[in-house]
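# sequence and computational prediction follow.
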Amino acid sequence: MVVTGHTSGQPAGGGESRSVSIRDVAAAAGVSYQTVSRVINGHPSVKGSTRDAVLATITRLGFRPNRAARALAGGPIQAVTVLTSNTTLYGQRSAIQGIEEAARVADWAVGVRVIESEEPTVVADAVERAVEPGGALIVVAFDRAGTRALGAVPPGVPMVGIVETPAGDEGDGKPWVWINDRQAAAEATGYLLGLGHRTVHYISIPPSTDASPQRLAGWRSALAEAGVEAPEPVQAEWHPRSGYEAGLALAADPAVTAVLCGNDDLALGVIRAMHEAGRAIPGSVSVIGFDDTPLSAFYTPALTTVRLDFTELGRAAFTALAEQISVAPPARSQPRPELIVRESSGPPPEGRGDPNASS
């Protein structure tokens, strides 16, 4: 979380070192936080006695003002807090990297607050704590916690959401950025069908809302366009073990020859499960992942996957935020998905392909 100041040592009265905000200074001095801000910024309207009392409190508490504190006086916003439920998953951490890189160039401060669960009260508390005077928010809404946080941001707070591909025109006019993963899933599914597979099975990551996830929707649309009945999708979590467990069940069905996974971690688990079941990849089963994580090119076999540039998406989110508050940013780019074909995909085993496909 971005705070408006901090101590460099022990607070008055002993005890453990802790962060001190501009509101702590205001409470200790018996004034408003706006008055503290005016003192910090040398505003001439503050009485001399009040100024002396505030400065003495600042010294006693060891408070050091930062960009957010200076912005309270009406200056430009120079700090952004990123709200996310997870900083370890590839998409989230890469988006945060992109935000930080863009913010550093613009000389902004960046903080991160983790939403600890999707419970509405927990989400609301995280949003409330993240909203600082003189600051802005970027919400990573790839899951339910992030989506709920997006809806809990108070009006008037400068904010941009990094979201899953909106359905229809849902995103029009909203401060959201995204990569079209629905289209990407459809293209990956179409690629497998084009290789001759009769159908494509899908292992899904957790949904961000109650609506159908867009990667799953793209998979379904490609099968429907090809006149192929969609198999029942397998609901999984985010991690390789969940893909492994789903892969064991799919490996037992000899009719399964192609699997699209909601992310690369799931694909890694599927590859392991297929190996244990004696199903060669891609000779017996083709596997495609999603995201193109840095390790995907080094799996054995190297993973065919959909590349999503989350770092660029983070940069685009910061640019959209800068545009919103009338800061002159660099031109905003639109990240696009790209299918990266490697070793884990190929034609189906002889005799189990599309009977209408050319030989």
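Okay, I see it. Numbers count the residues shown, from 1 in each chain.
# only C-alpha atoms for contact and neighbour calcs from this point on.
Fine.
# can you pull out the helices in the stretch 151-300 of the chain?
Using DSSP state H, counting those that start in this stretch, the helices of the stretch 151-300 of the chain run over 181-194, 214-225, 240-251, 264-276.
# and the gap between V259 and R307?
For V259, the distance to R307 equals 17 Å [Cα to Cα, to the nearest Å].
# any idea which helix or strand carries the most centrally placed residue in the chain?
Closest to where the C-alpha atoms of the chain average out (Cα atoms, centre = their mean) is Q92, at 3.5 Å. Assigned by DSSP states H and E, Q92 falls within helix 90-105.
# packing partners for that helix?
strand 109-114, helix 310-324 (3 or more Cα pairs under 8 Å, 6 or more residues apart in numbering; DSSP states H and E).
# at 10 Å instead, please
On a contact count with 3 or more Cα pairs under 10 Å, 6 or more residues apart in numbering; DSSP states H and E, helix 90-105 meets strand 79-84, strand 109-114, strand 136-141, helix 310-324.
# need the contact partners of the helix or strand following the last one.
What that stands for is helix 310-324. Using DSSP H and E, the next helix or strand after helix 310-324 towards the C-terminus is strand 338-340. Residues outside strand 338-340 that contact it (Cα atoms under 10 Å, 6 or more residues apart in numbering): 181, 184-185, 187-188, 191, 288-292, 297, 303-309.
# hmm, 7 Å instead?
A188, T304, T305, V306, R307, L308 (Cα atoms under 7 Å, 6 or more residues apart in numbering).
# need the winner for burial among the helices of the stretch 151-300 of the chain.
Across these, averaging neighbours per residue (mean count of other Cα atoms under 10 Å) puts helix 264-276 on top, at a mean of 24.
# next, the angle helix 90-105 makes with that helix.
Taking axes from the mean of the first three to the mean of the last three Cα atoms, to 10 degrees, helix 264-276 and helix 90-105 form an angle of 150 degrees between their directions.
# and T57, what element?
helix 48-61.
# what number of residues lie near K47?
Using other Cα atoms under 10 Å, the number of residues around K47 comes to 10.
# equivalent analysis for S49, please.
S49, neighbours per other Cα under 10 Å, totals 9.
# looking at it now. What's its pLDDT?
Here the pLDDT value assigned to S49 is 86.
# repeat for A68
pLDDT at A68 comes out at 40.
# now G283: how far from F298?
G283 is 19 Å from F298, by Cα to Cα.
# out of the two, which sits in the busier spot?
It is G283, of G283 and F298, that has more neighbours when counted by other Cα under 10 Å, with 15 against 9.
# mind listing what the more buried one touches?
Applying Cα under 7 Å, 6+ apart to G283 gives the contacts P348, P349.
# try it again with 10 Å
G283 touches T257, S344, S345, G346, P347, P348, P349, E350, counting by Cα under 10 Å, 6+ apart.
# count of residues packed around the closest residue to the third one other than its chain neighbours?
What it means is S345. Sequence neighbours aside, S286 is the residue nearest to S345 in space, at 4.3 Å (criterion: Cα to Cα, 6 or more residues apart in numbering). Look at S286: counted by other Cα under 10 Å, it has 28 neighbours.
# ok, S286 - contacts?
192, 195, 197, 200, 256-260, 271, 279-280, 303-304, 343-349.
# what's across from it in the sheet?
Counting by DSSP bridges, S286 forms beta bridges with A258.
# could you check which of V259 and R307 is surrounded by more residues?
V259 (23 against 18).
# low-confidence stretches in the stretch 1-150 of the chain?
1-18, 41-44, 64-76 (pLDDT under 70).
# repeat that for 50
Low-confidence segments of the stretch 1-150 of the chain (pLDDT under 50): 1-17, 67-74.
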